[in-house]
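Visitor: the following comprises the amino acid sequence and a computationally predicted model.
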Amino acid sequence: MAYAVFTQYPQVAETAIPQFIAMLNDKELLTKGKAGMVLGNIGKPAIPALLTVLSQTNDIARALAAYALGENGTNAIHLRPNLEAMLSDKSIFVRLHAAQALGKLGGNPETIVPVLLRCFHEGDRDTRSYALEVLSKLKESAKSAVPDLTYSLAAATNNDDHYRSEEHTSELQSSCNLVC
């Protein structure tokens, strides 16, 4: 119930920004995730605190801070260089969420798409699925991923991977055909 209050009334959550930042380092993944979503929903007042998290050693906290910054829209556009620096992070989750945030903030697809494809190829099943979801949301900006995903579709041996690759490749292909 508290989560619902904080997401519906960001001005209430704003008074607890330090507590939500601390929750990004919680041992429970669900707590971390919800804190990241609330911080993303707070908007501009949370940006300075999120910026400090980008340099923490905790991979999940950095990834969630990147995600939350992406939720800030035009308020966070000036942080694109900070997020671009995260595209080479050692953590696949940090790279994935930084790429997602950059996609939402109008980052360069030529920079973002290769990182998402790398996450797709290196990740586990859930990570691959999430990378495909992020790629499909980029629509025509991700058209450079179509050949790689088509090849992956042909090479997929796992039925779930094959289905997800086919579904998202079709979405990207449709977007490209409509716009390109």
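Guide: Great, that's in hand.
Visitor: surely Gly123 touches Ser91?
Guide: No - proximity of Gly123 to Ser91 does not meet the contact threshold set by C-beta atoms under 8 Å, at 11.3 Å. Every C-beta, even on glycine, is put in place using the N, C-alpha and C of the backbone.
Visitor: please enumerate the strands of this protein.
Guide: Taking DSSP state E, the chain contains no strands at all.
Visitor: which stretches of it have low pLDDT?
Guide: Segments of the chain classed as low confidence (criterion: pLDDT under 70) are 145-180.
Visitor: what about the helices in it?
Guide: Listed from the start of the chain, the chain has helices (DSSP state H) covering 2-8, 10-14, 17-23, 29-42, 47-53, 59-70, 80-85, 92-104, 109-122, 125-137, 146-155, 159-179.
Visitor: could you dump those helices to CSV with mean neighbour count?
Guide: As requested, the helices of the chain are arranged in CSV below (neighbours: other C-beta atoms under 10 Å):
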stretch, mean neighbour count
helix 2-8, 13
helix 10-14, 16
helix 17-23, 16
helix 29-42, 20
helix 47-53, 17
helix 59-70, 25
helix 80-85, 16
helix 92-104, 25
helix 109-122, 19
helix 125-137, 19
helix 146-155, 15
helix 159-179, 16
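Visitor: so how far is Glu28 from Thr52?
Guide: Using C-beta to C-beta, to the nearest Å, one obtains 22 Å as the distance from Thr52 to Glu28.
Visitor: I'd like the distance from stretch 116-125 to the chain centre, please.
Guide: Between the mean C-alpha point of stretch 116-125 and the mean C-alpha point of its chain there is a distance of 13 Å (C-alpha atoms, centre = their mean, to the nearest Å).
Visitor: if anything else comes up later, I'll come back, but that's it for now.
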